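Trainee: Sequence and computational prediction follow.
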There are 2 protein chains.
Amino acid sequence: MPKENKSRYAILGLLSFMPCSGYDIKKMTDNSLKFFWSENYGHIYPLLKELEEEGLADSKKVDSGKGPSKNVFSLTAKGKKVFESWLKSAESRQRYRIEILLKMFFSSHLSVKEIVAKLEAHICEQEELLEEYKKVEAEFAEIPQKRYRLSAVITLDYGKRHAQMVIQWARECIKTVNSL
Amino acid sequence: MPKENKSRYAILGLLSFMPCSGYDIKKMTDNSLKFFWSENYGHIYPLLKELEEEGLADSKKVDSGKGPSKNVFSLTAKGKKVFESWLKSAESRQRYRIEILLKMFFSSHLSVKEIVAKLEAHICEQEELLEEYKKVEAEFAEIPQKRYRLSAVITLDYGKRHAQMVIQWARECIKTVNSL
DNA sequence: GCGCCCATGTAACTAGTTACATGATTCA
DNA sequence: TGAATCATGTAACTAGTTACATGGGCGC
């Protein structure tokens, strides 16, 4: 019974950059990972506790002087090993659940007009996302170190390509539907 | 507290085509929806029961003569209404969790060689998927009715574009990583 | 008689979300 | 003084998966 829980690796990965509190982890996922990964407190805090019990992380109360004291977790040697072994492992087949496709699959219950409206709304959403990606990209362009920038460039590029792909797909769909 | 459970709509949608048993639904998701939607028995049977309790579906024992008797569910008028109202509603913001991106985000823990190997494995997987899509597409091309074919064409096209996009992204990544 | 497919279902589990409770500090 | 942010955590819930138990019919 191997644990398939990927959240633990996201957390271990963030700890590999620097020691973090649960709050820090939430902030980092909300900032850096939000386009392809999210976590919430209800998952983070219990997971941190679990990681500590398994000896993959250890915690230390830190009183920074300002603000309330933090419970800061850092990666243990064992945690680093577990994380890196995941990093090198093959991705497990992920489950796809694409709501727009489910709706399109059942689109014979809709009029052509309704289908087109839905697709146009989808295009609009993706265009907004694309704009957001471009904004974030512009911010990252100012970071000079190549190696550090790599991960941001690669993941953002994926997002941009994805949004563009969906937009093109939806445009083609509209053409197809209109030609019926 | 609105129910976000999308599986119920997938099931209602399949029932909208024809009355089905739990077993039938599993087969249909495994055949027609598998590229973008999946369900398993542990979810289907309890959900069918729930849908019946809510008056969205009703069941009838059917003894087909051959094989064991089936518990066949069909959509009620109320079920049809609920399904169509979902169909017309806006998609709820879906959560992204893309494992390969999470790994790429942490790729500074890997050597260039390891990163490239991972990306190449990913390309390989997507190429296999693409082949699968093309095979299914060839089968569908033989169905003459335009309207019936629509959903299959649209959803398959999405899959193909997605796989191609990922392959191109990964190829670009390999170039970028090698140029460091 | 064996293996495969049809068919239904449950129990135990893992995963993930939402809402809430709490309280300190910082800054306008 | 009141709003925003820092900070931790739990309870209750929804969602989804895996593994198992059961048994009939069909074809070889």
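Mentor: Noted; the coordinates are in hand.
Trainee: Counting by contacts, list what the longest helix along chain A packs against.
Mentor: Ranked by residue count, the top helix of chain A under DSSP state H comes out as helix A:146-178. In terms of contacts (3 or more C-beta pairs under 8 Å, 6 or more residues apart in numbering or on different chains; DSSP states H and E), helix A:146-178 is packed against helix A:112-140, helix B:99-105, helix B:146-178. The C-beta positions use only the backbone N, C-alpha and C, and glycine is treated the same way.
Trainee: Pipe these into a markdown table and attach mean pLDDT per row.
Mentor: Below are those laid out as a markdown table (pLDDT from 0 to 100):
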| stretch | mean pLDDT |
| --- | --- |
| helix A:112-140 | 93 |
| helix B:99-105 | 95 |
| helix B:146-178 | 91 |
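Trainee: got the ones you listed as TSV, with distance to DNA strand C columns?
Mentor: Conversion of the helices and strands packed on helix A:146-178 to TSV gives the following (distance: least, C-beta to the nearest atom of the strand, whole Å):
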stretch	distance to DNA strand C
helix A:112-140	18
helix B:99-105	10
helix B:146-178	20
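Trainee: Return the most buried member of the ones you listed.
Mentor: For the helices and strands packed on helix A:146-178, the largest average neighbour count (mean count of other C-beta atoms under 10 Å in any protein chain shown) is found in helix B:99-105, namely a mean of 22.
Trainee: And the contacts of that one?
Mentor: A:6, A:9-10, A:13, A:32-33, A:36-37, A:87, A:91-92, A:94, A:151, A:154-155, A:158, B:115, B:118, B:122, B:173 (C-beta atoms under 8 Å, 6 or more residues apart in numbering or on different chains).
Trainee: does any bit of it sit next to DNA strand D?
Mentor: No - Helix B:99-105 does not reach DNA strand D (C-beta under 7 Å from any atom of the strand); its nearest approach is 14.3 Å.
Trainee: Any idea how far that helix is from the middle of the chain?
Mentor: Remark: helix B:99-105 is offset 22 Å from the chain centroid, using C-alpha atoms, centre = their mean, to the nearest Å.
Trainee: Same question for stretch A:19-31.
Mentor: With C-alpha atoms, centre = their mean, you get 13 Å for stretch A:19-31.
Trainee: Render the CA-only coordinates of it in CSV, please.
Mentor: In CSV, the C-alpha atoms belonging to stretch A:19-31 read as follows (Å, rounded to 0.1, in the frame of the first residue of the first chain):
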residue,chain,number,x,y,z
PRO,A,19,12.8,25.7,6.7
CYS,A,20,9.1,26.7,6.7
SER,A,21,6.1,27.0,9.0
GLY,A,22,2.7,25.7,7.8
TYR,A,23,1.8,29.3,7.2
ASP,A,24,4.9,29.8,5.0
ILE,A,25,4.0,26.8,3.0
LYS,A,26,0.5,28.0,2.3
LYS,A,27,1.9,31.3,1.2
MET,A,28,4.4,29.7,-1.1
THR,A,29,1.9,27.5,-2.7
ASP,A,30,-0.4,30.5,-3.1
ASN,A,31,2.3,32.5,-4.8
